[in-house]
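S.K.: Sequence plus the predicted model coming up.
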Amino acid sequence: MQWRVESEAAGTRLDSCLSQLTGLSRAHVQKLIAGGCASRNGRACKPSDKVQEGDLIALTIPQAQELAVEPQDIPLDIRYEDGDVIVVNKPRGMVVHPAPGTPDHTLVNALLYHCRDLSGIGGVLRPGIVHRIDKDTTGLLIVAKNDAAHQALAEQIAKRTCGRIYWALVEGAVKEDDGQIVTRIGRHPTDRKKMAVLREQEGREAVTHYRVLRRYPRETLVECRLETGRTHQIRVHMAHIGHPVVGDATYGYKKQRYALEGQLLHAKELHFIHPATGEPVSVQAPLPDDFAVLLRKLEAQLPKNTAENDEK
């Protein structure tokens, strides 16, 4: 696979640029570069090389190994499927791919039972996985069935043309009706299991757009649109502006008001260009039961005239 570097990527590291284009982790890309699988303008390169506009960069991904992950008969809520892609509505509590401490009962295990023809770009443990959502976040996730689809979808995410829209119930009253949060996000300096907003020149750019959908006495329902897709981005950003996601014990209140299994954050809509047909595809997923039930309870607590007349 090869790409011509566009102006917005000029000056970035080669490993970071290839990670964005392929959807592979930066660590995985670094290993491929070290193994001689990448070139820049036809020459050998290093992960730290800075790419320039017009550079021709190429990456050869070795043939996928025989999968060691066992297929498991786990029900899937499939919202869209054809010969190139699957869009799944992931339930709360399900990890996307196997990792230390979670060797099975993941989305990947379920996908391998459902179909064997997944993209090999993600490697043995992440076949077909183009992007991820957190274990306790619910909603839509797109999976590629072949390498061409994987590459095309990863490019859409890298170029910020893939629409990913979330609903979140957040603590407190969000003052503005809409807004944009622009920061840099990276690993927390003292707690490596968490992400954090970092100073300029640290971490990676993170952009979230939000708008208020409904106001309640102690919470606000917001729609968040991802422009970038950093780890825990919405959870970190909403906490950063003083409105952590309800149920998020990591970035929000340690003592939660409601008995929930995790944060009320739901990937509700996906909009992308089909990698084979070039046609736009839009997929939606209903709110999970606990999220919907709590919203109904909050609605019932509103004064009647507010519930009837609030345009949001």
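M.R.: Noted; the coordinates are in hand.
S.K.: Residue ranges in the protein under the pLDDT threshold?
M.R.: Within the chain, the ranges that satisfy pLDDT under 70 run 63-67, 121-125, 305-312.
S.K.: per the record, what domains does it have?
M.R.: 2-59, 64-159, 163-267+290-309 (automatic domain parsing).
S.K.: Comparing these, which comes out most buried?
M.R.: Most buried of those, by mean neighbour count (mean count of other CB atoms under 10 Å): domain 64-159, with a mean of 19. Every C-beta, even on glycine, is put in place using the N, C-alpha and C of the backbone.
S.K.: Please tell me how far that domain is from the chain's geometric centre.
M.R.: 12 Å (CA atoms, centre = their mean, to the nearest Å).
S.K.: hang on, the earlier thing: between the domains of the chain, which gets nearest to Val281?
M.R.: domain 64-159 (6.8 Å; CB to CB).
S.K.: Correct me if wrong: Gln263 contacts Lys135.
M.R.: No. Judged on CB atoms under 8 Å, Gln263 makes no contact with Lys135 at a distance of 10.1 Å.
S.K.: before we move on, the earlier item: now the domains of the chain as TSV including distance to Glu279?
M.R.: Shown next, in TSV, are the domains of the chain (distance: least, CB to CB, whole Å):
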stretch	distance to Glu279
domain 2-59	21
domain 64-159	11
domain 163-267+290-309	15
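S.K.: all helices in this protein, in order from the N-terminus.
M.R.: 14-22, 26-34, 107-114, 147-158, 233-240, 289-301, 304-309 (DSSP state H).
S.K.: Same list (those) but as a markdown table, adding distance to Ile86.
M.R.: Converted to a markdown table, the helices of the chain look like this (distance: least, CB to CB, whole Å):
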| stretch | distance to Ile86 |
| --- | --- |
| helix 14-22 | 19 |
| helix 26-34 | 22 |
| helix 107-114 | 7 |
| helix 147-158 | 10 |
| helix 233-240 | 23 |
| helix 289-301 | 23 |
| helix 304-309 | 38 |
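S.K.: Looking at the ones you listed, spot the one closest to Ala267.
M.R.: Once those are compared by CB to CB, helix 233-240 is nearest, at 9.6 Å.
S.K.: Check the offset of that closest one from the chain's centre.
M.R.: Offset of helix 233-240 from its chain centre (CA atoms, centre = their mean): 13 Å.
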